[in-house]
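Trainee: here is a sequence with its predicted model. Questions after.
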Amino acid sequence: MHHSTTVNGALGGPDRSYVLELTYHLPQRTQINTPISPSPAVQLHIHNPTTGSEISGQDELGYLFVTVSLCREDGEGLLPQNHEIQGTVASLEPINEGTQLSDVSERSDSGADIPLDQQVGSFAHFSNFKIIRPGSYRLKFMLVRVEQPGSVPPGNHGVDRGGSRVLTTYVPPDVIVAQVDPVSPFYG
């Protein structure tokens, strides 16, 4: 399940629809104070909502970033930051811009088992994300766009200095159990 949001276009351009998708399944278990392995990564898909076609969004990648936070096992409510440490924000990086989609699709019927370095698109990768308290959690990813001054409707208070806007959120169904004991790679 992913969440899609259509918003007014970037930098005065056409409307766009944004979707975050988990690049691969998260591990079922992780050791506290150790980076999650494989590390969380999401792919951004930007669509023209009128035609439904996917577009690159290259014109706005410099204004987009993804955050990741912990939420309860039921997927509701963000937990305080004292449950997580490091690696909670990532910029979107285009990967394999020169690779043809047909080259990738020949390797697999679904993108789920294609290694990250062979996939085409823009990704946010959280290689240092750690959970520091034992428990069962889900991750919440938020796509955020930094707004330029003048692009945010003026409010009732002061001068418009820009800001940021959450474009879409995504909470994968995968539950991660953070435990004190080391995690076996065979039973992850």
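Mentor: All right, it came through fine. Numbers count the residues shown, from 1 in each chain.
Trainee: from here on, contacts and neighbour counts on C-alpha atoms
Mentor: Noted.
Trainee: this protein: strands as residue ranges?
Mentor: 4-7, 16-22, 29-31, 41-47, 54-55, 64-72, 84-85, 89-91, 93-95, 121-125, 130-131, 135-147, 163-170, 176-179 (DSSP state E).
Trainee: so which of those strands comes closest to Leu78?
Mentor: Closest approach to Leu78 among the strands of the chain is made by strand 64-72 (4.4 Å; Cα to Cα).
Trainee: shaky segments in this protein?
Mentor: In the predicted model of the chain, residues 1-14, 80-87, 94-120, 148-162, 184-188 satisfy pLDDT under 70.
Trainee: could you check how many residues crowd around the residue lying closest to Asp181 once chain neighbours are set aside?
Mentor: Leaving out its chain neighbours, the residue that sits closest to Asp181 by Cα to Cα, 6 or more residues apart in numbering is Gln31, at 6.2 Å. When neighbours are defined as other Cα atoms under 10 Å, Gln31 has 21 of them.
Trainee: re earlier: for the strands of the chain, give me CSV that also has distance to Leu78.
Mentor: Converted to CSV, these look like this (distance: least, Cα to Cα, whole Å):
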stretch, distance to Leu78
strand 4-7, 20
strand 16-22, 18
strand 29-31, 19
strand 41-47, 19
strand 54-55, 31
strand 64-72, 4
strand 84-85, 11
strand 89-91, 15
strand 93-95, 26
strand 121-125, 20
strand 130-131, 14
strand 135-147, 8
strand 163-170, 12
strand 176-179, 15
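Trainee: deepest of these, which one?
Mentor: strand 130-131 (a mean of 25; mean count of other Cα atoms under 10 Å).
Trainee: ok, residues contacting stretch 64-79?
Mentor: Here stretch 64-79 makes contact (Cα atoms under 8 Å, 6 or more residues apart in numbering) with 81, 83-84, 88-92, 124, 136-146, 171, 173, 175.
Trainee: try 7 Å
Mentor: Contact partners of stretch 64-79, identified using Cα atoms under 7 Å, 6 or more residues apart in numbering, comprise 88-92, 124, 136-146, 171, 175.
Trainee: ditto for stretch 26-45
Mentor: By Cα under 7 Å, 6+ apart, stretch 26-45 touches 18-23, 54, 121-134, 174-183, 188.
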